[in-house]
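Student: Predicted model follows, preceded by the sequence.
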Amino acid sequence: MRRSPLFRRMLWLSALLVAAISLLYAAPHPLPGPDTILFGRIGAYQTALFVSNADGSEEHPLLTSTSLDYNPAWSPDGQWIGFTSEREGSADLYRVRPDGTGLERLTDSPAYDDQVAFSPDGQQVVFVTTRAGGTADVWMLDLRTRKARSLTSGPGGDFRPSWSPDGRWIAFSSDRGSTLPREKGGQWWVHLQVADIYLIHPDGSGLKRLSEHGNFCGSPTWTRDSRRVIAYCMSAEETFTYRVPPLPTAGDTQLVSLDSASGESTKIAAGPGIKMFPVSLSSGEIAYVRKDAGAPGVFYRNGTRGPGGAVRSPSWSPDGTRVAYQKILSTQAPDWQRTWSRSSEYELILTRWLPAFHPDGQRLAATLDSDNTKMVLIDAGKNSSRTLFQQEGKRALAPQWSPQGDVIIFGVGFYFRDRAGGAQVALIRPDGSGFRQLTSGANNNGFPSFAPDGQRFVYRTFGPEGQGLRIMNLESHSVTTLTTEYDNFPLWSPRGDLIIFVRQYQGDFDIFSIRPDGKDLRRLTHAPGNDAHMGWSPDGEWVVFSSTRMGFKDEALYTDAPQPYGELFVMRYDGTHVQQLTDNQWEDGGPAWQPTPQLQSKR
């Protein structure tokens, strides 16, 4: 039977409608947008580039920026100043004229690109990058073709490259071959930095170690005759003592001169102080930076001074009359500030330390990072923190909300270096009322996390009464032992089926999971280094955490962070599908996943 055109059109429209309805019900609902993860950062929040006369007079900003500009390097012909900037997201290389004009981007990579140094003819640069596998290597960039190639590779980090004036060698510091020993003064989870001075030809041949292995030597620069390398050295233990504020008012590192052929080391007489970044100027004078709080800034070996303050990475014009450098303008963390993410699936927000969201995702509690004694409340999306709790002389750390959002549980007492003083788990209402202590005794108790039923919480403990994870019933105050190892940072899954935590295992710290009844212990991370500071996704499918697996990105004294190499990663709750979110030289940690009205799984 022949159908009319109208009938055939109606059949076609009906089929199309049925198909559309089928697709609507068969397909998952679209995600409302990228997931939002908050975290704290130890490091600079604003650094700027300055230029002055060699004596520090006539100082002025090189560029106007509210971002992070750092590590300037003057070109041999004096026409350019190369530097690193995070103004467009990830750390990339730029150059600009010494008068601040002609700004030009040199690299555009999601990897970390930093620590640029020019070749003698100004046609190429060497720089540090994480493009090959995530660890810091030295690469070369042709400024005419913009083609980049690797110069060094392998395990460990390579830093602060410097090209010899005759063009034959590139010197750099490296922690390759180091076991990254741990600090011995009370914070034994922190890695010290053992590094040596190496030389390599620009074609990648002739790699050799110049300094004696065992402690630290860094920031190599060349004398004008290309026969000697100038560096600063210290003990491995001092790489922690001198990296973290508040800095000592005094200290003494050693400047050395290394023969580029034999490696013979000669001490360079210089004044006192935490001396770093020595440079041999065209006049033969040696300049360096003092980092100690007693007299920070640029000094010359003849006793005169240059620009003062929190100066880093100075670079002199070819004639030595002017100097470019970075200054740290702010280390104050914001309440809410968007930052760059390697993945479009995740929006990253900088905030105060160890944040935790109210179940509705509209508020968070966090620790004020300046001294860790104050717990604050922050409205999502705003810079408007207000004090919730403060107790004189004690730290208020790691808050977590109850599932109903009516109370906040947290640790109060002594943590970090002074943790022998003890600490307890306490509870408070969001309006600041109802404070009460839940644990007692001589142990150091902290990092509590509620079960989804709101009737129990898990916390970590260590001291004379034992160590491990404990579960307390809020109604009966009965305590159940979950583990007896040195375990930390427990977090109860939103689904209630798992508790994740950190355990020291074979010299590293890894993330484990366990069921609340103590069964089914599983190791989730296996990378070298420390994995810690976790956060659950609202649906319990994913975990965000901080890791040191990529190693140091720079010499430790430059970033003023205890662990200037922590990056954020996400993984499935079973340890699979690991993805890196940050890539920089700062310490990123303490993440929290923002709840959303529609909980979506990323399966």
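Tutor: Sure, I can see it.

Student: I'd like to know how far Arg456 sits from Ala48.
Tutor: According to CB to CB, to the nearest Å, Arg456 stands 50 Å off from Ala48. (Each C-beta comes from the backbone N, C-alpha and C, glycine too.)

Student: what's the answer for Ala136, then?
Tutor: Ala136 is 24 Å from Ala48, where distance means CB to CB.

Student: Neighbour count for these two, which is higher?
Tutor: Neighbour totals were compared for Ala136 and Ala48, and Ala136 leads with 26 against 21 (other CB atoms under 10 Å).

Student: which ones are touching that one?
Tutor: 112, 128-130, 157-159, 551-554 (CB atoms under 8 Å, 6 or more residues apart in numbering).

Student: From one end of stretch 440-454 to the other, what's the distance?
Tutor: Distance between the boundary residues of stretch 440-454 (CA to CA, to the nearest Å) amounts to 20 Å.

Student: now do stretch 540-555
Tutor: Across stretch 540-555, the terminal residues are separated by 37 Å (CA to CA).

Student: Kindly indicate which of the contacts of Ala136 lies nearest Gly306.
Tutor: Asp554 (22.1 Å; CB to CB).

Student: The stretch 151-300 of the chain: helices as residue ranges?
Tutor: 238-241 (DSSP state H, counting those that start in this stretch).

Student: quick one: the strands in it?
Tutor: 158-163, 170-174, 196-200, 208-209, 216-222, 228-234, 254-259, 265-268, 275-280, 286-290, 297-300 (DSSP state E, counting those that start in this stretch).

Student: Output those strands as CSV; include the columns mean pLDDT and distance to Ile514.
Tutor: Below are these laid out as CSV (pLDDT from 0 to 100; distance: least, CB to CB, whole Å):
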stretch, mean pLDDT, distance to Ile514
strand 158-163, 98, 39
strand 170-174, 98, 39
strand 196-200, 98, 41
strand 208-209, 97, 44
strand 216-222, 98, 39
strand 228-234, 98, 42
strand 254-259, 98, 48
strand 265-268, 97, 51
strand 275-280, 97, 44
strand 286-290, 97, 48
strand 297-300, 97, 52
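
Student: Save the ones you listed as JSON lines, and put in mean neighbour count and distance to Glu104 too.
Tutor: Formatted as JSON lines, the strands of the stretch 151-300 of the chain follow (neighbours: other CB atoms under 10 Å; distance: least, CB to CB, whole Å):
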{"stretch": "strand 158-163", "mean neighbour count": "25", "distance to Glu104": "20"}
{"stretch": "strand 170-174", "mean neighbour count": "26", "distance to Glu104": "23"}
{"stretch": "strand 196-200", "mean neighbour count": "23", "distance to Glu104": "28"}
{"stretch": "strand 208-209", "mean neighbour count": "14", "distance to Glu104": "35"}
{"stretch": "strand 216-222", "mean neighbour count": "26", "distance to Glu104": "25"}
{"stretch": "strand 228-234", "mean neighbour count": "24", "distance to Glu104": "30"}
{"stretch": "strand 254-259", "mean neighbour count": "18", "distance to Glu104": "34"}
{"stretch": "strand 265-268", "mean neighbour count": "14", "distance to Glu104": "36"}
{"stretch": "strand 275-280", "mean neighbour count": "23", "distance to Glu104": "25"}
{"stretch": "strand 286-290", "mean neighbour count": "24", "distance to Glu104": "27"}
{"stretch": "strand 297-300", "mean neighbour count": "21", "distance to Glu104": "27"}
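
Student: now the stretch 1-150 of the chain, which segments are flagged as low pLDDT?
Tutor: 1-33 (pLDDT under 70).

Student: of the contacts of Ala136, closest to Ser344?
Tutor: Nearest member of the contacts of Ala136 to Ser344, counting by CB to CB, is Tyr112, at 18.4 Å.

Student: before we move on, back to that, for the strands of the stretch 151-300 of the chain, which one sits closest to Asp539?
Tutor: Closest among the strands of the stretch 151-300 of the chain, once you apply CB to CB, is strand 158-163, at 40.3 Å.

Student: What pairs with that closest one, parallel or antiparallel?
Tutor: strand 170-174 (antiparallel) (DSSP bridges).

Student: Please, where are all the helices along this structure?
Tutor: 5-26, 238-241 (DSSP state H).

Student: what's the offset of the last one from the middle of its chain?
Tutor: On the basis of CA atoms, centre = their mean, to the nearest Å, the separation between the geometric centre of helix 238-241 and that of its chain is 18 Å.

Student: Output that helix as CSV, restricted to C-alpha atoms.
Tutor: Output in CSV follows, covering the C-alpha atoms of helix 238-241 (Å, rounded to 0.1, in the frame of the first residue of the first chain):
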residue,chain,number,x,y,z
GLU,A,238,71.2,22.5,56.9
THR,A,239,69.1,22.2,53.7
PHE,A,240,66.1,21.8,56.1
THR,A,241,67.2,24.2,58.8
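
Student: pLDDT of it, averaged?
Tutor: What helix 238-241 shows for mean pLDDT is 93.

Student: Can you pull out the residues in contact with that helix?
Tutor: Contacts for helix 238-241 (CB under 8 Å, 6+ apart): 183, 185, 187, 190, 192-194, 216, 248, 251, 253, 556-557, 562.

Student: Show me the contacts of Ala136 that map onto strands.
Tutor: 128-129, 158-159 (DSSP state E).

Student: mind checking the end-to-end distance for stretch 51-67?
Tutor: Terminal-residue distance, stretch 51-67 (CA to CA): 18 Å.

Student: Buried residues, that stretch. List them.
Tutor: Using 16 or more other CB atoms under 10 Å as the burial criterion, the residues of stretch 51-67 that qualify are 51-52, 54, 56, 62-63, 65.

Student: which two in these are spaced the farthest apart?
Tutor: Maximum distance among the buried residues of stretch 51-67 (CB to CB): 24.2 Å, for Ala54 and Ser65.

Student: Closest to Thr481 out of the ones in strands among the contacts of Ala136?
Tutor: Phe159 (45.0 Å).

Student: now that closest one, nearest residue through space, not along the chain?
Tutor: The shortest distance from Phe159 to any residue other than its chain neighbours is 4.9 Å, reached at Ser173 (CB to CB, 6 or more residues apart in numbering).

Student: Please apply the same query to Tyr459.
Tutor: Take Tyr459 and drop its neighbours on the chain: the residue closest to it by CB to CB, 6+ apart is Pro448, 4.1 Å away.

Student: where exactly do the strands run in the stretch 451-600 of the chain?
Tutor: With DSSP E, counting those that start in this stretch as the criterion, the stretch 451-600 of the chain has strands at 456-462, 468-473, 479-481, 487-492, 499-505, 508-514, 522-523, 531-536, 542-547, 567-572, 579-580, 587-593.

Student: Great, nothing more from me.
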